[in-house]
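J.: Next one to model:
(one chain, ligands or ions: 2)
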Amino acid sequence: MNFSHWINHFRNNQNYRPEPAWESPSTLRKQLSPRQFAMLVRSLQQFQLGDGGGPAYLIARDRAGVLSGSGSIKVLVDLWFKEEEEHSRLLGCALRRLGAPEIQSHWSFSLFCGLRKWLGVQFELYALLLTEIVSHQYYKLLRRHCDDVAIRAMCDLINRDEAGHIAFHRARLTSEGIRHRRHYGWLWELQFRLRGLAAGTVLWVNHRGALIGMGATDREFYRAIWRGMGRFIAGLRADLAWERASRRLIRQGDQAQSEGDEPGSVPRGACEGKT
Ligand SMILES: [Fe+2]
Ligand SMILES: [Fe+2]
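T.: Numbering: from 1, shown residues only. Ligands and ions are numbered 1, 2, ... in the order given. Down below sits the predicted model:
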């Protein structure tokens, strides 16, 4: 994994972040019925808690195994979760704009944290990846259907970060694929998609009311997460194929060079320019 590339990515991503116009007039209370407005508030409250609120870090009991791993992985994990904390801050501002408080706990987040803690860091990373893919689609739908300039600007910032997080996971899995000779074939794709649909359904159960109230549909959400997973799988396989091909070329180049350097052989180019 190219650690310096990802460290630069996260550091550069801290620049050019225009703050949403939180003080601009909001007409959401007039546009939505009291019930729809309350569902939007509940949805934002849960995301504020779950998306970087609470323990915004790896919490699996065996996380030290990953954090003490090769390269600058801990630096990357720190930078990744720093962006998640920023999402929580932005969502807190959105709640204040709507005149709503933040919440301190929710059963779905407590259950999610419990599973992450006890099922280990590999499960946690997998669960976080699926959560990022499905919540990326949530923010896209919120961006599309919520007629509020500040919330849309917030979604733009979060979606920019989440696209980077998903690409970071892809790079991580590509690197694991090379190390452990994984191919991410159809059986892997099947279980990945099933788990993604399960993660998406858990999200949709809690947030459906808010998005449907603003005009989204079930079909739109499930199509979006299906496509999001498809893009991730295709990108992962392409990255893995590219990485394997480039390593093969380097090996072939090294081999050709060492054969050319064998005792008694004439190095390529040695006679160039001689008469
Ligand atoms: Fe996030
Ligand atoms: Fe994220």
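
J.: what comes up buried for the helix or strand containing Leu49?
T.: Applying DSSP states H and E as the criterion places Leu49 in helix 34-50. By neighbour count with 16 or more other Cβ atoms under 10 Å, helix 34-50 contains the buried residues 36-37, 39-50. All C-beta spots, glycine's among them, are computed from the backbone N, C-alpha and C.

J.: go on, stretch 92-108?
T.: For stretch 92-108, the neighbour count (16+ other Cβ under 10 Å) marks 92-95, 97-98, 100, 103, 106 as buried.

J.: Mind listing residues that contact that stretch?
T.: 20, 22, 26, 28-29, 37, 40-41, 44-46, 48-50, 53, 150-151, 154, 202, 206 (Cβ atoms under 8 Å, 6 or more residues apart in numbering).

J.: now the end-to-end length of it.
T.: 19 Å (Cα to Cα, to the nearest Å).

J.: Would you pull up how far it lies from the middle of the chain?
T.: 22 Å (Cα atoms, centre = their mean, to the nearest Å).

J.: What parts of the stretch 1-150 of the chain come near ligand 1?
T.: By Cβ under 5 Å from the ion, the residues of the stretch 1-150 of the chain that approach ligand 1 are 51, 84, 87.

J.: Dump these into TSV; add pLDDT, neighbour count and distance to Asn159 as well.
T.: TSV is the format used below for these (pLDDT from 0 to 100; neighbours: other Cβ atoms under 10 Å; distance: Cβ to Cβ, whole Å):
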residue	pLDDT	neighbour count	distance to Asn159
Asp51	89	25	12
Glu84	96	21	14
His87	97	23	10
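
J.: Out of the residues you listed, which comes closest to Gly120?
T.: The closest of these to Gly120 turns out to be Glu84 (Cβ to Cβ; 20.0 Å).

J.: Convert the helix holding Leu49 to PDB, retaining C-alpha atoms only.
T.: The C-alpha trace of helix 34-50 is given here as PDB (Å, rounded to 0.1, in the frame of the first residue of the first chain):
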ATOM      1  CA  PRO A  34     -44.200  18.300  11.400                       C
ATOM      2  CA  ARG A  35     -43.900  14.500  11.200                       C
ATOM      3  CA  GLN A  36     -41.500  14.700   8.200                       C
ATOM      4  CA  PHE A  37     -39.500  17.400   9.900                       C
ATOM      5  CA  ALA A  38     -39.200  15.300  13.000                       C
ATOM      6  CA  MET A  39     -38.100  12.300  11.000                       C
ATOM      7  CA  LEU A  40     -35.400  14.300   9.300                       C
ATOM      8  CA  VAL A  41     -34.200  15.600  12.700                       C
ATOM      9  CA  ARG A  42     -34.100  12.000  14.100                       C
ATOM     10  CA  SER A  43     -32.100  10.800  11.100                       C
ATOM     11  CA  LEU A  44     -29.600  13.600  11.400                       C
ATOM     12  CA  GLN A  45     -29.300  13.000  15.100                       C
ATOM     13  CA  GLN A  46     -28.500   9.400  14.600                       C
ATOM     14  CA  PHE A  47     -25.900  10.200  11.900                       C
ATOM     15  CA  GLN A  48     -24.300  12.900  14.100                       C
ATOM     16  CA  LEU A  49     -23.800  10.200  16.800                       C
ATOM     17  CA  GLY A  50     -22.800   7.400  14.500                       C
END
